[in-house]
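J.: Sequence and predicted model, in that order:
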Amino acid sequence: MNDIDFDKDPTPVGELSLKVVALPGDTNASGDIFSGWLVSQMDLATAVAATPITKSRVATVAIHNMAFMTPVHVGAAVSCYTDIVEVGRSSIHINVEVWIAHKISGEPVKVTEGEFVVVSLDNNGRSKTIPGHDSIG
């Protein structure tokens with residue numbers, strides 16, 4: 001994901017993991033949806049995608065290569081798509097794309113994309129091995 005070219009991806013990649021409507025309370029001072037709210041939705045989507053693999057709690061430990069390309073309007077249905085990039089011994093790299101429908105044309109528009117790294121956690125909040133990945137370095 002080091003050389004992201006957003007224009008090469010005209011349709012979402014991955015599985016729909018979360019869909020939510022952006023509400024007036026989620027706006028910034030300009031009236032657009034706050035970018036932190038979008039990151040929060042992406043973080044929730046990674047947990048939805050990772051939990052069936054880890055069979056445990058997960059925590060986001062890093063976000064790579066993120067850029068915001070277009071504002072999100074109030075009322076937009078925000079769709080987060082997740083694609084598992086790599087499963088390691090205790091971590092998972094997940095590409096997350098956020099899409100909305102254009103306010104006037106209804107055409108799909110990519111809002112942002114980023115690679116999230118989540119780690120599997122035990123009941124004490126320490127990293128733990130993902131089932132089936134005991135022998136991975």
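T.: Great, that's in hand.

J.: Let me see the ranges of the strands in the chain.
T.: For the chain, the strands defined by DSSP state E occupy 15-21, 57-68, 77-87, 91-101, 108-121.

J.: out of these, nearest to Asn28?
T.: strand 57-68 (11.5 Å; CB to CB). (Glycine included, C-beta is placed from N, CA and C.)

J.: where does the chain have low pLDDT?
T.: Scanning the chain for pLDDT under 70 picks out 1-9, 134-137.

J.: Can you give me the distance of the closest residue to Val72 other than its chain neighbours to Ser79?
T.: Distances taken as CB to CB, 6 or more residues apart in numbering place Ile33 nearest to Val72, at 3.8 Å, with adjacent residues excluded. Ile33 sits 13 Å away from Ser79, taking CB to CB, to the nearest Å as the criterion.

J.: Mind checking which of the two has more residues around it?
T.: Ile33 (24 against 20; other CB atoms under 10 Å).

J.: Please name the residues that touch that one.
T.: For Ile33, the contacting residues are Ala22, Asp26, Thr27, Pro71, Val72, His73, Val74, Ala76, Val78, by CB atoms under 8 Å, 6 or more residues apart in numbering.

J.: partners of it in the sheet?
T.: Thr27 (DSSP bridges).

J.: Would you quantify the distance from it to Ser105?
T.: 19 Å.

J.: can you redo the strands of the chain as CSV with distance to Val39?
T.: Below are these laid out as CSV (distance: least, CB to CB, whole Å):
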stretch, distance to Val39
strand 15-21, 13
strand 57-68, 7
strand 77-87, 11
strand 91-101, 9
strand 108-121, 8
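
J.: So which of these is nearest Ala49?
T.: Using CB to CB, the strands of the chain put strand 77-87 closest to Ala49, at 3.9 Å.
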